[in-house]
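got a predicted structure plus its sequence, pasted below:
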Amino acid sequence: MSFVTVRDVWQSYGARSILERVTLDVSEGDFVSIVGASGCGKSTFLRLLLADERPVRGEIRVDGAEPATEPGRSRGVVFQRYSVFPHMTVRENIVAAETFSRPLGRVWGRARREARERADATLERVGLAHVADAYPATLSGGMQQRLAIAQALTARPRILLLDEPFGALDPGTRLSMHAFLQDLRAETGMTVFMVTHDLEEGFKLGDRVLVFDKPRWDTQAPERFGATITYDFDARDGGVPFQRILDRYPSLAPRPPAATG
Ligand SMILES: Nc1ncnc2c1ncn2[C@@H]1O[C@H](COP(=O)(O)OP(=O)(O)OP(=O)(O)O)[C@@H](O)[C@H]1O
């Protein structure tokens, strides 16, 4: 049964068409990777799933209902991009994430101590134990990225939205973050949508790989048409049709690893 249902969704900003005719069914627990050229509307699609904005046309349903518009976390959808609180230390950010999934919110006493211990174990796992008492703004880009992912995963949302989550990480750190995500996903059965520019990563982590692209172009008016899902690959069988995709989308070719971590 479809858990996330997207029906004929269109989005535009003013006269500028971004997405058109997007239709998709995703089962609960699926990991959906999303690739596509820069600026083609992948992040916009995540914001629509988050109900951060409404489509100009079409319908999105999560578990049969319209995505709720009240503040994020209580409805079970977490967007890694928006998750870190700048006024809390790294450890406090992880502890806070745990409480999002609790009906009573904040925790005290022994429960809080235990939450801190679990937070420290998580920070150890993602290589941030040594900066547990620091504030997010003082961390490097790669560290901030790891904190955002660790925090989003700690909240154990029903749906996790990741927007280029591993972009600024060195190859070794990236692999350990992959493992962390895969373990937590196996534990929680969460549904994941991940935008990535790395096809190999998309196929490694995803059950499906969606390609967003513009199927029609008006050379006189490039803003006239939007992007849609032009390919929907099954990534479960390990049969990776990289070459076919790369031939058509050279811009998706893996980039050399970034320097920071
Ligand atoms: N709120 C907005 N108002 C106007 N234009 C917007 C808005 N949000 C996004 N856009 C434009 O819509 C287009 C699609 O943006 P989006 O961020 O969804 O693309 P993307 O595929 O995620 O790109 P990238 O891969 O570079 O992150 C971009 O050209 C962007 O400038």
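Ah, there it is.

tell me how many other residues surround the closest residue to the ligand within the stretch 151-261 of the chain.
In the stretch 151-261 of the chain, the residue found nearest to the ligand is residue 195; the distance is 6.2 Å by Cβ to the nearest ligand atom. All C-beta atoms are positioned from the backbone trio N, CA, C, and that covers glycine. Using other Cβ atoms under 10 Å, residue 195 has 23 other residues around it.

need the pLDDT of it.
According to the per-residue confidence, residue 195 scores 95 in pLDDT.

low-confidence stretches in this structure?
Judged against pLDDT under 70, the low-scoring parts of the chain cover residues 68-76, 81-82, 100-108, 237-245, 248, 252-261.

according to the record, where do the domains of it fall?
Domain segmentation of the chain under automatic domain parsing yields 2-82+159-252, 84-154.

isn't the residue of the stretch 151-261 of the chain closest to the ligand up against residue 167?
No: taking Cβ atoms under 8 Å as the contact criterion, residue 195 and residue 167 are not neighbours in contact, 9.8 Å apart.

which residue ranges of the stretch 101-250 of the chain form helices?
Counting by DSSP state H, counting those that start in this stretch, the segments of the stretch 101-250 of the chain that form helices are 109-125, 141-154, 171-188, 199-205, 242-248.

packing partners of the longest one?
Think helix 171-188. Helix 171-188 sits against helix 141-154, helix 199-205, with contacts defined as 3 or more Cβ pairs under 8 Å, 6 or more residues apart in numbering; DSSP states H and E.

make it 6 Å
Under the contact criterion of 3 or more Cβ pairs under 6 Å, 6 or more residues apart in numbering; DSSP states H and E, helix 171-188 touches no helix or strand at all.

and for the first one?
Using 3+ Cβ pairs under 6 Å, 6+ apart as the contact test, the elements touching helix 109-125 are helix 90-100.

mind running it again at 8 Å?
Applying 3+ Cβ pairs under 8 Å, 6+ apart, one finds that helix 109-125 makes contact with helix 90-100, helix 141-154.

buried residues, it. List them.
Applying a neighbour-count criterion of 16 or more other Cβ atoms under 10 Å, the buried positions in helix 109-125 are 115-116, 119-120, 122-123, 125.

I figured residue 147 hits residue 90, correct?
Yes: Residue 147 lies in contact with residue 90 (Cβ under 8 Å); the separation is 5.8 Å.

anything in contact with each of the two?
Contact criterion Cβ atoms under 8 Å, 6 or more residues apart in numbering; residues shared by residue 147 and residue 90: 128, 136, 139.

state the distance from the last one to residue 86.
Applying Cβ to Cβ, to the nearest Å, one obtains 11 Å for the distance of residue 139 from residue 86.

of those two, which one has the most company?
Neighbour count, other Cβ under 10 Å: between residue 139 and residue 86, residue 139 has more, with 17 against 8.

for that one, give me its contacts.
By Cβ under 8 Å, 6+ apart, the residues touching residue 139 are 90, 128, 131, 147.

nearest to the ligand, of those?
Proximity to the ligand was ranked across these by Cβ to the nearest ligand atom; first place goes to residue 147, at 20.4 Å.

show the contacting residues for that closest one.
Residues in contact with residue 147, defined by Cβ under 8 Å, 6+ apart, are 84, 90, 93-94, 126, 128, 136, 139.

again with residue 210
Residues 24, 32-35, 229, 231-233 are the ones in contact with residue 210 under the rule Cβ under 8 Å, 6+ apart.

now with 6 Å, please.
Residue 210 is in contact with 34, 229, 232, counting by Cβ atoms under 6 Å, 6 or more residues apart in numbering.

would you mind measuring from the last one to residue 210?
As for residue 232, its distance to residue 210 is 5 Å (criterion: Cβ to Cβ).

just the second one next, same as before
For residue 229, the distance to residue 210 under the criterion Cβ to Cβ works out to 5 Å.

what do you get for the first one?
Between residue 34 and residue 210 the distance is 5 Å, computed by Cβ to Cβ.
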